[in-house]
Structures are given as structure tokens and as C-alpha cells.
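K.L.:
what would the 3D arrangement of this be:
(one chain, ligands or ions: 1)
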Amino acid sequence: MSEHSSLSNLLKEERRFTPPAELAANANVTAAAYEQAAADRLSFWAEQAKRLSWETAPTQTLDWSNAPFAKWFADGKLNVAYNCVDRHVENGLGDRVAIHFEGETGDSRSLTYADLQREVSKAANALIELGVRTGDRVAVYMPMIPETVIAMLACARLGAPHSVVFGGFSADALATRIQDADARVVITADGGYRRGKPSALKPAVDEALTKPGTENVRNVLVVRRTGQDVAWTEGRDVWWHDTVERQSEQHTPEAFDAEHPLFILYTSGTTGKPKGILHTTGGYLTQVAYTHHAVFDLKPETDVFWCTADVGWVTGHSYIAYGPLANGATEVLYEGTPDTPHQGRWWEIVQKYGVTILYTAPTAIRACMKWGDDIPAKFDLSSLRVLGSVGEPINPEAWMWYRKHIGADAAPIVDTWWQTETGAMMLSPLPGVTATKPGSAQVPLPGIAATVVDDDAHEVPDGAGGYLVLTEPWPSMLRTIWGDDQRYLDTYWSRFEGKYFAGDGAKKDEDGDIWLLGRVDDVMLVSGHNISTTEVESALVSHPKVAEAAVVGATDPQTTQAICAFVILRGTASADDEGLVDELRAHVAQQLGPIAKPKRIMPVAELPKTRSGKIMRRLLRDVAENRDLGDVSTLTDSSVMDLIQAKLPGASSED
Ligand code: 6R9
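P.N.:
Residues are numbered from 1 along each chain as shown. The predicted structure follows:
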């Protein structure tokens, strides 16, 4: 993939932003952390494990004797819910707000740590009444409401691994996940509010439970959120307000082994059945707590943290449920979409709660860019002091907009690279230490070992590209794929001997900083050159008329693959503008070189995305190659594909 370097003028940014002096002077973590971790990585993590309250403190740190099946802190025992809730109450923080909940329709409520302790205890008692025992799997299919976090913590409290399924997934997707994990109970709601309207969830559960392989589900526990009518199966379905509310507020948590399973989270992968990524207890909680403390510089007494992710994405698990609560933080939980009832909704929430740390995804930032600078300008965002990004490479254009219009040209941006599989952040700047570069995740965090290698597993020199690999085990790593150890070995550990293959293309710049270039499966081969989708997308978005772009390689008889781009235009630009497509093609050629010039550019209104805002390039490839669409069950909005296909004939531009 050496062509990456010759194509990368765009990503070769000279701009660097040093941390604000005051933040640097008071930062939780300084440059010394890198030295300590480098001197003795395992002692560093053993030290971080002390952030948690262990019933039995671990004496071992890592057992790698059966690599790549890791055990971290194996002889330690702890309870995750105790760590996220009870211990804060015992430490006198019962009155601190844990969650400020903001409903889409404007309803709100705040739960203190003492409230959370009562609610989680009641929910745990209810699950016991429903027969849930340690080790039983519980599926959670919920909107973004406090009961979702309460349900997850109640499962954790009982040592019953949860499998949270994104509320936007179809009944089929839910059924597959219930089957694979052999879930015994499903926790759901009648519905949630989406774009100002109640959006039902219970019917999908009812449908999923008619499918073979779901027979072991004994009960469905239903939260009443919207009040809409629901079908009811007597004996199986129970209301949360009947079952949970009458329980005792006392529940004594039991300590489990550090390697006890905490959750399974399904990730779709490119083909075949979804992979159930298994995370366990002690190592996971150690790394989410440490990274939340270090990367956001969290001061739990004064900060208000807001992660906008859905709880059905790993980001919601690690940085809504577990990391912030383990650290005793105060956080915002928002039910709805950023543009309901108006496009300034997020900024209104930042202003209302005085949010100091905001963690979101590039796709959302690009949407806000498209809506216009004047919208955030109407709100007081002066409380914000650290901004985070996750989910995709953030193109420099969006990074600069985020910094200027949301961060008042001062708040450091932490671009955090990690995966469902890694459990917690792996590469990221540190806000009080790193001079940040727009578009780069830059360096492995203290205690993490990552590099970029070529096809033969040799580390590439600075200035060259290849594959991102993790070279040492880390505490929050996945332990296996649920029920499929072989697939775990094949997917992550067989490409490069002894190294974890992340599946992402990456390059190192002249300073050794790492830039992510998108999934390796998405790299295009054009006339013998490897071209990264990320770079072409970044070039397109750097044009003033383009808000968002998705690029795929479509089979082409002359060039192996031809670059096809789907673009969402900004504000006033129109798909009918004479010469627009030629202008964009010329712009990419000028930014990256003629080889990267898209053959076709199609203006579209929306792009197909997953729960985390990742573009589903596979579907766009199907469109570009005139094939029938494959599985669309993990799309957040499947009507998007109809819109794109309908536009195809007139909107395309051939050479
Ligand atoms: C947390 C999460 C993982 C994939 C990952 C990569 C992409 C995530 C990124 C990023 C560039 C970042 N990704 N963060 N690429 N810069 N800061 O997203 O988990 O949904 O499993 O996706 O997302 O391609 O391999 P998950």
C-alpha cells in the first residue's frame, strides 16, 4: 500500500494545536504516563486496576500462556455494578447526579448515584424473580432511556452477560442475536421517541420470538415509555412498572472472577453471520475507567460529560454505561436525534446542562456543518473544554469545523481510534499533552502497543502505509467470539503471526503519527494503485459544496476498479448545477493526483449508515455495480437505499 504516501498530500497537514496552558497544567495525565507504561507495561496496568474496588485484589496481571486467549487480573474478584454505583454512594457521593436524562419530547429527569443504586437493586431483584441466574444471557433492545443503563447494570450486578441489540435493528437481526447468545430474557420497551414520534420496539421483539432458536426466552420485561398499544403474551410478557417497582431497594452484590463474562456485543463484519464479541469484567472495567479519566481529563466533581452514541454501539457501552459511572462522573443521556425538534437541539442541551466534555462521531459533525455555522452560534457553548471523536477517520475539514464552531478554537480534540473488539480506546491524543493534528488519531495510549506493518508483517518506516496492528495484549481486549474460538483466531490472529490484525489501513507520517485510512476491505485497486476510500472522501469534503461523501470501487474492465463517489451537497449547492460534477472531479485530481479522480460522482440526499454512523460501502458497491442489495437489516434507515437507487440513472456521470 505504498501508494498511500504519494497520494497523501491532503492528509499531510502542517497544522498542530498545542494544549491550552491551563488544561495542560492541571491535566490528569502527563507525558510521564508514556514513560511509566513503556518502562513496565504490566505494572502500569496493575496500577490502573487500583482505580477499581476489588473484593479480592488481583495478584496476577496478565496470563498470556494460552495466547491469544488472554486472562487479565485472573485471581481478582469484583462486581461491576458495585464499582459503577454503590461504592460512590458509600464514599458520600449519593447526591451527585449520575445521569441527566433528556427525552426527545422535552421531558427530563436527573438520577443521582443514590437513585441509581435503588433502581439497579430493584431491577436486579426483578431479574432474580424472573429466574435470571449468574451466567444467563439477557438481551436488551431498548431506546436511549435511563432504564437501559439500569438494565445493563442490573445484569452486570448478577453476573448475567447482556447482549444489547441496537433499537434500530430489524426483528430478524434481533432474532439472530437472541439465538446465537441463547438469551433467556429480553428487556425492551413499548417504544421510544424518534424524530418527534413514538417508534415501536415491542412488535419487533414479538416477531423475533416467533423464529426458531428463540424458544429459551422465558420472559420479556417491558418498560412503558411511549404508552403506545402493545400486543401481550400472558405468562411471558411483564411490565417493568409492575415487576421492578415493587421490589426491595436492597440487593447485595456478589463479587465475580475478573474473567467472568460481562457482555456480548454483535458486530456485523463484512460477510456472514454477526460476530458476538465477548468482553469480561476486570480488564474491561480497568481500561474503560482509565481511558475515560485520561483521554477526557475527567474531573468528576466539576465536569458534565456527554457521549452522544447509541447504547447499542460499543461506544455507548464503554463511554455511557461503564467508563463514566466507574469514575463517578455526571453525564447526559439524550434519547433522540440531533435535529428534533430543531437543528440546534444538541447545542441547546450543551447549554442547558453546561456540558464540559462532548464525545461524538464525525458523521454527526459533518451533518452539523451542513446545517450551517449559525446554528451552534446561537447557543452558549463556553462550558465545553474537551471534544472527542470516534467511529471513523475524521476528515481535517470536519475537525477544523468542530474545533472552531463548537470548541471556540480552544478545546482540544481527541480523535480516539478503537473497536468493539478492543473494548476501549487504543489510539488517541491526550488533551493536556499532545499537540494535535487535524485528522490523525496519532499515538497509542500509555500501556498500548500498536504499529503499522506491510504485507510481510514488517513495521513500515515513518512516511509509509500499511495495516494497523496491535502488538501486545491489552486489558479490555475481546476474549473470543462467542461460541467460536476458531473464528476469533482466524479473524484477528492469523493474518500476522503474534499480532492482532485490526482490519484497518493506516499510515505513519514523518513524525511517526498514525493516520487511519479506513477498512482494508474498502481499499480500492485502480490501475495497479491502492487508493484509500478515506482519502478520496476527505478530498471531496474539502470542497466547499460537499457536506459528506462516500467512495467505493466498482468493478471496471479497464482499470480493475473505478472510483465511484456518492456526495451529499451543502446548503445552497444543487445537483443540477452545471459543471458541478466536473468541478468535483477536478478538485480531487488536484488534491490527490489524477489517478484518484472519481469516474462517477452521484449527488444523493442521504447515505446508508450503521448505528455508529459508518457508511455501509458494501451496499453502495452493490448500487455502483447494479447488483441486488444484500442484507440491509443493520441499516438505521433502509428507505435510504430506495432513494439512492431511484436517483441512479439521471444523476450519474461517466467519463
Ligand atoms: C469504537 C468503534 C471499529 C472501526 C475501526 C475503524 C473505525 C473507529 C476511528 C475509526 C478512524 C477513528 N474507527 N474510530 N477510524 N479513526 N478515530 O467505532 O467501534 O463500531 O467496532 O468500529 O471503526 O475502521 O476498525 P466499531
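K.L.:
what's the pLDDT at Ala651?
P.N.:
With respect to pLDDT, Ala651 scores 29.
K.L.:
now Trp399
P.N.:
So, for Trp399, pLDDT stands at 97.
K.L.:
count of residues packed around it?
P.N.:
Using other C-beta atoms under 10 Å, Trp399 is surrounded by 25 other residues. For glycine as for every other residue, the C-beta is placed from the backbone atoms N, C-alpha and C.
K.L.:
Three-state assignment for it, please.
P.N.:
On the three-state scheme (DSSP: H, G, I helix; E, B strand; the rest coil), Trp399 is labelled helix.
K.L.:
the ligand versus the closest residue to Gly447 other than its chain neighbours, what's the distance?
P.N.:
Residue nearest to Gly447 in three dimensions, not counting chain neighbours: Ala37, with 4.3 Å by C-beta to C-beta, 6 or more residues apart in numbering. Distance, Ala37 to the ligand, by C-beta to the nearest ligand atom, to the nearest Å: 20 Å.
K.L.:
what helix or strand is Ala37 on?
P.N.:
Element membership for Ala37, per DSSP states H and E: helix 32-39.
K.L.:
which residues sit in contact with the residue nearest to Ala126 when sequence neighbours are not counted?
P.N.:
Nearest non-adjacent residue to Ala126, counting by C-beta to C-beta, 6+ apart: Val244, 4.4 Å away. The contact partners of Val244, taken as C-beta atoms under 8 Å, 6 or more residues apart in numbering, are 122-123, 126, 221.
K.L.:
go on, Leu201?
P.N.:
Residues near Leu201 by C-beta under 8 Å, 6+ apart: 141-143, 167, 188-192.
K.L.:
Ala126: neighbour count?
P.N.:
For Ala126, the number of neighbouring residues by other C-beta under 10 Å comes to 23.
K.L.:
so which residues of the stretch 1-150 of the chain form strands?
P.N.:
Here the stretch 1-150 of the chain has its strands, by DSSP state E, counting those that start in this stretch, at 62-63, 71-72, 77-78, 97-102, 108-112, 138-141.
K.L.:
with just CA atoms, put the last one into PDB.
P.N.:
Listed in PDB are the C-alpha atoms of strand 138-141, where the atom choice follows Å, rounded to 0.1, in the frame of the first residue of the first chain:
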ATOM      1  CA  VAL A 138     -30.100 -11.300  28.700                       C
ATOM      2  CA  ALA A 139     -30.900  -9.500  25.500                       C
ATOM      3  CA  VAL A 140     -31.600  -5.700  25.800                       C
ATOM      4  CA  TYR A 141     -33.500  -4.000  23.000                       C
END
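K.L.:
give me the residues contacting that strand.
P.N.:
Counting by C-beta under 8 Å, 6+ apart, 127, 132, 148, 151-152, 155, 160-165, 167, 169, 174, 177-178, 181, 183-188, 201, 204-205, 217 sit against strand 138-141.
K.L.:
same thing with the second one?
P.N.:
The list of residues contacting strand 71-72 from outside it, by C-beta under 8 Å, 6+ apart, reads 45, 60-63, 258-259, 280, 282-283, 286, 473, 475.
K.L.:
show me where the stretch 451-600 of the chain has helices.
P.N.:
For the stretch 451-600 of the chain, applying DSSP state H, counting those that start in this stretch gives helices covering 485-488, 533-541, 580-592.
K.L.:
what helices and strands are in contact with the first one?
P.N.:
Packing partners of helix 485-488 (3 or more C-beta pairs under 8 Å, 6 or more residues apart in numbering; DSSP states H and E): strand 480-481.
K.L.:
do that again at 10 Å, thanks
P.N.:
On a contact count with 3 or more C-beta pairs under 10 Å, 6 or more residues apart in numbering; DSSP states H and E, helix 485-488 meets strand 275-280, strand 480-481.
K.L.:
quick check: mean pLDDT of that helix?
P.N.:
97.
K.L.:
try stretch 405-425
P.N.:
pLDDT averaged over stretch 405-425 gives 98.
K.L.:
export the helix or strand hosting Thr188 as PDB, just CAs?
P.N.:
In this assignment (DSSP H and E), Thr188 forms part of strand 185-189. Only the C-alpha atoms of strand 185-189 are listed here, as PDB (Å, rounded to 0.1, in the frame of the first residue of the first chain):
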ATOM      1  CA  VAL A 185     -34.900 -12.900  29.000                       C
ATOM      2  CA  VAL A 186     -35.400  -9.900  26.700                       C
ATOM      3  CA  ILE A 187     -35.600  -6.400  28.200                       C
ATOM      4  CA  THR A 188     -37.400  -3.900  25.900                       C
ATOM      5  CA  ALA A 189     -39.800  -1.000  25.800                       C
END
